[in-house]
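> just a sequence and a predicted model for now, questions to come.
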Amino acid sequence: MVNVKDIDTEAPEDGDWLQNIFNRQFQLEEKYHDIEEGNGFIHPPSVGELDDAKTQWFLKDAAYRVVEELSEATNCFKNKPWKQTQVLTDKEHYFEEVADAFHFFVRFCIYSGLNAEALYKMYFKKSEVNLFRQESKY
């Protein structure tokens, strides 16, 4: 079995990192599709059909998976206010779980109809709204 400890990956020097992530996830989705359907997992009829019941079920499941992986990540935090000795965090495991959550988030975006460019633009639009609110003491 292979896990993240067995892989040495450098970030690409050029190109759009977010687009590279979406491209890789799209490749994985193509491989997962038949396997998941064979296991009874429901796929939406088409990407971005947000009014379709199967799409909504699929997106809710993907959102749940994001939350589940973030919960697994936070389980790596062992220090509690009442503990008298502190425990070092298994950072590699923590970051692996965060990456798992991001994997499902990108999947969620793809099936929602958000590509890397649309997500980037929406993020910065919302960021501008947040900045305005902070500056206007909203």
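Looks like it came in fine.
> which of the three states applies to residue 26?
helix (DSSP: H, G, I helix; E, B strand; the rest coil).
> quick one: low-confidence residue ranges for the chain.
Scanning the chain for pLDDT under 70 picks out 11-13.
> can you pull out the helices in it?
For the chain, helices defined by DSSP state H occupy the ranges 17-38, 53-74, 91-112, 116-135.
> want to throw those into a markdown table with distance to residue 7 and mean neighbour count?
For glycine as for every other residue, the C-beta is placed from the backbone atoms N, C-alpha and C. Formatted as a markdown table, the helices of the chain follow (distance: least, CB to CB, whole Å; neighbours: other CB atoms under 10 Å):
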| stretch | distance to residue 7 | mean neighbour count |
| --- | --- | --- |
| helix 17-38 | 13 | 13 |
| helix 53-74 | 18 | 15 |
| helix 91-112 | 11 | 17 |
| helix 116-135 | 22 | 11 |
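> nearest to residue 1, out of those helices?
helix 91-112 (13.7 Å; CB to CB).
> what packs against the closest one?
helix 17-38, helix 53-74 (3 or more CB pairs under 8 Å, 6 or more residues apart in numbering; DSSP states H and E).
> now those helices as JSON lines including distance to residue 113?
JSON lines is the format used below for the helices and strands packed on helix 91-112 (distance: least, CB to CB, whole Å):
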{"stretch": "helix 17-38", "distance to residue 113": "12"}
{"stretch": "helix 53-74", "distance to residue 113": "9"}
